[in-house]
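A.B. asks: Predicted coordinates and the sequence they were generated for:
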Amino acid sequence: GAVVSQHPSWVICKSGTSVKIECRSLDFQATTMFWYRQFPKQSLMLMATSNEGSKATYEQGVEKDKFLINHASLTLSTLTVTSAHPEDSSFYICSTYGRSSYEQYFGPGTRLTVT
Amino acid sequence: AQSVTQLGSHVSVSEGALVLLRCNYSSSVPPYLFWYVQYPNQGLQLLLKYTSAATLVKGINGFEAEFKKSETSFHLTKPSAHMSDAAEYFCAVTTGGTGRRALTFGSGTRLQVQP
């Protein structure tokens, strides 16, 4: 199956700073990547859909100016949390489709803690 | 739009007992259905998927699920629970058509396995 990596796996930052999370597809080209957020003991909620070479599509209620997504290449999408606040503390997971239809592969996730 | 409902946020079984995790879906078009498992602080691992082929789907680690259109269900079962099965399980749905869409997740079911 496809392999998706995320970096960093965990990060602690101070309130007001920005954090960048990278999502890479290691063995195939990913034209579309998805970013999910998971609060403790909750399910995954889609934040945005990242398309290579174009603007991301954000879900309702997700601030596009706060969560900046860049998908500049077929193997890399980045999520930047700008001016982070404690309520942004969460587990961020990216995913993409492999070569077969409709099966998504997930990264291992990034745990963000904002103090 | 599609959605999934997982009945029971917590399920506890004894080691060796039958595991049954419930998932009901709602979709206006034929769905593709998935079960994922998540261990603490990790990403998601695909257990099995239904993509309009056989209605009884066998997955990894002895899990299987049956798609029942009349009941709009896709319950996950395993004949004999192991301690290593203790984790969070998510049912998810997407639909076909053009383009590859994100998954919509259920709220999750935490499985506890008692010795």
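C.D. replies: That came through fine.

A.B. asks: Find the least confident helix or strand in chain A, judged by mean pLDDT.
C.D. replies: Ranked by mean pLDDT, DSSP states H and E, the weakest helix or strand in chain A is strand A:104-106, scoring a mean of 87.

A.B. asks: Okay, now the sheet partners of that one, with direction.
C.D. replies: Sheet pairing for strand A:104-106, assigned by DSSP bridges, gives strand A:90-97 (antiparallel).

A.B. asks: could you give the mean pLDDT of the strand it pairs with?
C.D. replies: Per-region confidence: strand A:90-97 scores 92 on mean pLDDT.

A.B. asks: Which parts of chain A are strands?
C.D. replies: Using DSSP state E, the strands of chain A run over A:4-7, A:10-13, A:19-25, A:32-38, A:44-51, A:57-58, A:67-73, A:76-81, A:90-97, A:104-106, A:110-114.

A.B. asks: so can I have TSV of these showing distance to B:Glu64?
C.D. replies: Backbone N, C-alpha and C define where each C-beta goes, glycine included. Below are these laid out as TSV (distance: least, Cβ to Cβ, whole Å):
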stretch	distance to B:Glu64
strand A:4-7	26
strand A:10-13	34
strand A:19-25	29
strand A:32-38	26
strand A:44-51	23
strand A:57-58	35
strand A:67-73	36
strand A:76-81	34
strand A:90-97	24
strand A:104-106	20
strand A:110-114	32
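
A.B. asks: Tell me the gap between stretch A:71-91 and the middle of its chain.
C.D. replies: Relative to the mean C-alpha coordinate of its chain, stretch A:71-91 is positioned 6 Å out (Cα atoms, centre = their mean, to the nearest Å).

A.B. asks: Pull out the buried residues from it.
C.D. replies: Judged by neighbour count using 16 or more other Cβ atoms under 10 Å in any protein chain shown, the buried positions of stretch A:71-91 are A:71, A:75-79, A:81, A:84, A:88-91.

A.B. asks: Quick check: end-to-end length of it?
C.D. replies: 20 Å (Cα to Cα, to the nearest Å).

A.B. asks: and chain B, which of its residues are near chain A?
C.D. replies: B:32, B:34, B:36, B:41-46, B:49, B:51, B:90, B:94, B:96, B:100, B:102-108 (Cβ under 8 Å from any Cβ of the partner chain).

A.B. asks: Produce a PyMOL select command limited to the buried residues of these.
C.D. replies: Here is the PyMOL command that picks out the buried ones among the residues of chain B next to chain A, judged by 16+ other Cβ under 10 Å:
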select buried, chain B and resi 32+34+36+42+43+44+46+49+51+90+94+100+102+103+104+105+106+108
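
A.B. asks: Tell me the confidence at the residue nearest the centre of chain B?
C.D. replies: Compute the mean C-alpha point of chain B, and by Cα atoms, centre = their mean the closest residue is B:Trp35, 3.1 Å away. Looking at B:Trp35, its pLDDT stands at 96.
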